[in-house]
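J.: Could you look at this predicted model? Sequence included:
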Amino acid sequence: MHFVDKLNNDDPMKILITGKGGQLASELQLSCPNNIEIECFDSKELDITDIARVNEVLFAYSPDVVINAAAYTAVDKAESDSEQAFNVNAIGAANLAQVCKAIDAKLIHISTDFVFDGTKTTPYVADDATNPLGVYGASKLAGEQAVNQILANQAIIIRTAWVYSQFGNNFVKSMIRLMAEKPQLGIVYDQVGSPTWAAGLANMIWQLVLNHGESFNVSANQSLILHWTDAGVASWYDFAVAIQELALEHGLLDNSIPIKPIPASAYPTPAKRPSYSVIDKSQAELVSNVDAIHWRAQLTSMIKTLKI
């Protein structure tokens, strides 16, 4: 049965999700629609760098759609661990694309704002020139290119940024912990982007799958690239200030501490990061029929899910 036909049929659509235990996969499981059957795999159950295992699992489950939420995301570590970063982010993506093609499954592949160099001053659109600054971004771009080359219009590539969730390790949870432990914090003010609550990204992906199966066929010869974050713009400093305000308001912190804006140059890291990575969501909003919600409202919703 064709993918689009299943959207209008009583048979449940079968979705295979990689990256089980990660922020996005956890939110996808939490918000899975009733008429979708999901199977989730972590890296031990499905090592996407192992083509034989990818073949075995995908042929056995025979999904209509694979959502690749597995990734090597340790941005700084990638600088000294480039082989593993490329194994997961490029070869792993290529393996999934190759087997998806063999079983006629669609692929939704998650990528990143780090494919850009941050030299623009207006939001990046999908066809802007890519120029990653480090290994992580280069490995994710190589994965995008492999997916596009192998699957063309059977794939959708979603670039996102600054992802956080109630699950896993992320900036929001780290900030709340540090704000409880430290007398003050210095947070970078000259790197600007848009936070993304993983639950909002998951919701957009489900709407994309449920309502717009035809999106995969938008072009005869290339994958559809969409950008998704929450609405609005923030620096890491802005984000941290809002985290403290909301954590205090909702009882996750007892006392406020000074948060000082510092330049990125005062906080050197192994990997260089884009100074501006705001991405244009308009096409994703149009295709998914989901409007991005402002990052502060999304942050409030996420904070409410955390327990003291």
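T.: That came in fine, so what should we check first?
J.: Helices of the stretch 201-308 of the chain, residue ranges please.
T.: Along the stretch 201-308 of the chain, counting by DSSP state H, counting those that start in this stretch, helices occupy 236-249, 282-288, 295-305.
J.: Show me the one of these that comes nearest I51.
T.: helix 282-288 (30.5 Å; Cβ to Cβ). In short, each C-beta sits where N, CA and C put it, glycine included.
J.: which of the helices of the stretch 201-308 of the chain is buried the deepest?
T.: Highest mean neighbour count of the helices of the stretch 201-308 of the chain: helix 236-249, a mean of 19 (counted as mean count of other Cβ atoms under 10 Å).
J.: Just put the helices of the stretch 201-308 of the chain in CSV and tack on distance to W162 and mean pLDDT.
T.: Converted to CSV, the helices of the stretch 201-308 of the chain look like this (distance: least, Cβ to Cβ, whole Å; pLDDT from 0 to 100):
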stretch, distance to W162, mean pLDDT
helix 236-249, 8, 98
helix 282-288, 16, 95
helix 295-305, 8, 97
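J.: Out of these, which gets nearest to Q166?
T.: Q166 lies closest to helix 295-305 among these, at 4.4 Å (Cβ to Cβ).
J.: on that earlier part again, output the helices of the stretch 201-308 of the chain as a markdown table; include the columns distance to A97.
T.: Putting the helices of the stretch 201-308 of the chain into a markdown table (distance: least, Cβ to Cβ, whole Å) gives the following:
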| stretch | distance to A97 |
| --- | --- |
| helix 236-249 | 33 |
| helix 282-288 | 20 |
| helix 295-305 | 31 |
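J.: what sits against the closest residue to N35 other than its chain neighbours?
T.: Spatial nearest neighbour of N35, excluding adjacent residues (Cβ to Cβ, 6 or more residues apart in numbering): P12 at 5.6 Å. P12 makes contact with 35-37, according to Cβ atoms under 8 Å, 6 or more residues apart in numbering.
J.: how close does P12 sit to N211?
T.: 16 Å (Cβ to Cβ, to the nearest Å).
J.: what do you get for S139?
T.: Applying Cβ to Cβ, the value for S139 to N211 is 32 Å.
J.: Those two: who's more crowded?
T.: S139 (28 against 14; other Cβ atoms under 10 Å).
J.: Wait, a helix at that one?
T.: Yes: under DSSP: H, G, I helix; E, B strand; the rest coil, S139 sits within a helix.
J.: surely it meets Y72?
T.: Yes: if you go by Cβ atoms under 8 Å, S139 and Y72 touch, sitting 6.8 Å apart.
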